[in-house]
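Enquirer: Take this sequence and fold it.
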Amino acid sequence: MKKHNFYAGPSILSEYTIKNTAAAVENFAGMGLSLLEVSHRSKEFIAVSDEARALIKELLDVPAGYDVLFLGGGASLQFCMAPYNFLKKKASYLDTGTWAAKAIKEAKFFGEVDVVGSSKADNYTYIPKNYTVSEDSDYFHYTSNNTIYGTEIKEDPIVKVPLISDMSSDIFSRPVDVSKYDLIYAGAQKNLGPAGVTIAIVKVDALNSDRPIPTMLSYKTHTDKESMFNTPPVLPVFSVLQTLKWYKEMGGIVALQKKNIEKAGLLYDEIDRNRLFKGTANPEDRSLMNVCFVMNEEYKDLEGDFNKLATERGMVGIKGHRSAGGFRASIYNAMPISSVQALVDAMKEFEKQH
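Expert: Below is the predicted model of the structure:
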């Protein structure tokens, strides 16, 4: 039976990425060695790292003056690392979900944090609007996509201070004006590769903190050594390169965005049409990556039955996060529209049954 992978992360990868990574695990670059056992300083792996960084710059149209880093620790480490390097006195944060709240908590260790807007009181069902970012802020931090609650900021915010963003779950799904940012970071395990590597796009000239920073937590350490200060996660970086190559073959960011809009539209249209289901996020803030929905109140007792039907149809990972309940279909870049259609068909079939 074909499996339809709706896991939120680690999540679906392209067949191209999986096939090429599997081959390299057996024999990397014709060396007669596994990718798992080669030196990160071998010329063969350095070529992988260099090509991956170059492709990130090409696909996202990264301007001069920025460096691309491969780091460990996931976005959770970046919650600390970003303010450690960029927060001098005060920073502004937007509270849009669980991960944004965790970033706010960490930033408070390093300076004043102005939470300019929050949708927590309404269970993070929308993106706050009409907030004001103080011009004396060192930066404005936001989480672009909220995996648990299914909301997304789909355009670069217009503010008069540098931007920092956690784009872990929607990077490479839409165009981004990188020139507005001091830092963009993203855990790979949503839209890029397996867990174990974090991408950071850093404006090098902005790294001028006077604060003493432990060596491994300083971005300058990693920009100076081109992500080779310590051993990088070799296999995840290789997989990221395969995904980036596939993205280029697919037509780049604009083509991916078009497909994502089509996939999300197909599923949201069914949620809105089907009398058994309802979406949980404000329609104008709905994520293109994580579609969250629940049973309508009068059909709440059928939730387990629908989950059973979906499982029988080969769908995995559609159960909502434990803090949100209901269902969550994560439809990242690698998700084919045929899998989204399979979920829609299951919803239609379930409606006929009930």
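
Enquirer: Relative to N20, how far out is L309?
Expert: Per CB to CB, to the nearest Å, L309 is found 35 Å from N20. In short, each C-beta sits where N, CA and C put it, glycine included.

Enquirer: what does K120 give?
Expert: K120 is 42 Å from N20, by CB to CB.

Enquirer: Neighbour count: the two, which is higher?
Expert: Shown here are K120 and N20; by other CB atoms under 10 Å, N20 has more neighbours (18 against 14).

Enquirer: Tell me which other helices or strands the host helix or strand of the more buried one touches.
Expert: Assessed by DSSP states H and E, N20 sits inside helix 15-26. If contacts are counted by 3 or more CB pairs under 8 Å, 6 or more residues apart in numbering; DSSP states H and E, helix 15-26 sits against helix 234-250.

Enquirer: tell me what the helix it packs on is packed against?
Expert: Looks like helix 234-250 contacts helix 15-26, helix 43-59, helix 253-273 (3+ CB pairs under 8 Å, 6+ apart).

Enquirer: And the shortest one, how far out from the chain middle?
Expert: Relative to the centre of its chain, helix 15-26 is centred 22 Å away, using CA atoms, centre = their mean, to the nearest Å.

Enquirer: quick check: angle from that helix to helix 234-250?
Expert: 150 degrees (axes from the mean of the first three to the mean of the last three CA atoms, to 10 degrees).

Enquirer: Give me the contacts around helix 15-26.
Expert: The contact list for helix 15-26 (CB atoms under 8 Å, 6 or more residues apart in numbering) reads 34-36, 193, 235, 238-239, 242-243, 245-246, 249, 334.

Enquirer: ok, now which ones touch D156?
Expert: With CB under 8 Å, 6+ apart, D156 has these contacts: L163, V176, D177, K180.

Enquirer: swap that for M81, please
Expert: For M81, the contact set (CB under 8 Å, 6+ apart) comprises G73, L217, Y219.

Enquirer: List only buried entries from the residues you listed.
Expert: Among the contacts of M81, those classed as buried by 16 or more other CB atoms under 10 Å are G73, Y219.

Enquirer: possible to save the contacts of M81 as CSV with secondary structure, pLDDT and distance to E26?
Expert: Converted to CSV, these look like this (DSSP: H, G, I helix; E, B strand; the rest coil; pLDDT from 0 to 100; distance: CB to CB, whole Å):
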residue, secondary structure, pLDDT, distance to E26
G73, coil, 96, 29
L217, helix, 97, 36
Y219, helix, 97, 35
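
Enquirer: The contacts of M81 into TSV, with extra columns for distance to K300?
Expert: Shown next, in TSV, are the contacts of M81 (distance: CB to CB, whole Å):
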residue	distance to K300
G73	39
L217	46
Y219	48
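
Enquirer: Kindly indicate which of the contacts of M81 lies nearest N130.
Expert: Y219 (32.6 Å; CB to CB).

Enquirer: so the residue most central in space within the chain, which of the three states?
Expert: Centroid check for the chain by CA atoms, centre = their mean gives S169 as the closest residue, at 1.6 Å. When classified by DSSP: H, G, I helix; E, B strand; the rest coil, S169 comes out as coil.

Enquirer: change the start of the numbering to 50 and stick with it
Expert: Taking 50 as the first residue, the last one we looked at is S218.

Enquirer: Thanks a lot, catch you later.
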